[in-house]
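Student: structure for the following, please:
(2 chains)
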Amino acid sequence: EAQVTQNPRYLITVTGKKLTVTCSQNMNHEYMSWYRQDPGLGLRQIYYSMNVEVTDKGDVPEGYKVSRKEKRNFPLILESPSPNQTSLYFCASSLGGANTGELFFGEGSRLTVL
Amino acid sequence: KNQVEQSPQSLIILEGKNCTLQCNYTVSPFSNLRWYKQDTGRGPVSLTIMTFSENTKSNGRYTATLDADTKQSSLHITASQLSDSASYICVVRRGRGNFGNEKLTFGTGTRLTIIP
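Tutor: Numbers count the residues shown, from 1 in each chain, chains lettered A, B, ... in the order given. The predicted structure is shown next:
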């Protein structure tokens, strides 16, 4: 089954404790991206990757890191989480090239930073 | 500036009633417009895509329209069901050629609640 898998789905942590949210897709997509979703603000892009070893900042990259060592994986790293990073996070992927740009989203990871 | 605005922000209707959600955009040049449905706590899922040459497209009880001249799209839901309760997000793709990050602009969504 074609899917984007995120882990963990739920996480409560404390300020300053490094954490990683994993994202994996099995559709051989070139493009992957991370979003955070907060009430009233919609989806905001954190980082994206056009292909392996190619990553770039989105609209709200502060406090986050990413890597793209393999095509299927795109982990989101919070080196020193703070309470303002409490949010619902989504990973998404899409075909590259001349396609319609449909995004396939994971199920989301709800993060609480105390 | 490329923008996508959706209205209303939220909507509550009775089960069985119809409703229409609006999406206005200033994205240029236009490539396509996609409506996503996002159930609470889940990832968005594509409902339908509208390209420049399409005026109307149906997907079951969902009908999307596009007026490329006025840069407006609507999503009409017929005979609403409780399972239609969700957020509906309009996303516009800009430009032609290969897909790139800069080409997608998101609306903030309409939160639809169906009450029995």
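
Student: which residues touch residue B:38?
Tutor: Listed by C-beta atoms under 8 Å, 6 or more residues apart in numbering or on different chains, the contact partners of residue B:38 are B:44, B:45, B:86, B:87, B:88, B:89, B:109. For every residue, glycine as well, the C-beta is placed using N, CA and C.

Student: now do the contacts for the second one.
Tutor: With contact set as C-beta under 8 Å, 6+ apart, residue B:45 has these partners: A:105, B:36, B:37, B:38.

Student: which parts of chain B are helices?
Tutor: Secondary structure of chain B by DSSP state H: no helices are present.

Student: figure out how far the lowest-mean-pLDDT helix or strand in it is from the centre of its chain.
Tutor: Here the helix or strand of chain B ranked lowest by mean pLDDT, DSSP states H and E is strand B:104-106, holding a mean of 89. Shown here is strand B:104-106, whose average C-alpha point lies 12 Å from the average C-alpha point of the whole chain (C-alpha atoms, centre = their mean, to the nearest Å).

Student: okay, now the sheet partners of that strand, with direction.
Tutor: strand B:86-94 (antiparallel) (DSSP bridges).

Student: now the partner strand: mean pLDDT?
Tutor: Computed over strand B:86-94, the mean pLDDT rounds to 94.

Student: which pLDDT value belongs to residue A:39?
Tutor: For residue A:39, the pLDDT comes out at 87.

Student: can you give me phi and psi for it?
Tutor: phi -50, psi 130 (degrees, to the nearest 10).

Student: what's residue 33 in contact with, if anything?
Tutor: You didn't say which chain, so I picked chain A. Applying C-beta under 8 Å, 6+ apart, we find residue A:33 in contact with A:45-49, A:58, A:74, A:91-94, A:103, B:101.

Student: oops, wrong one, chain B.
Tutor: Each residue near residue B:33 by C-beta under 8 Å, 6+ apart is listed here: B:23, B:25, B:49, B:50, B:66, B:73, B:90, B:91, B:92, B:93.
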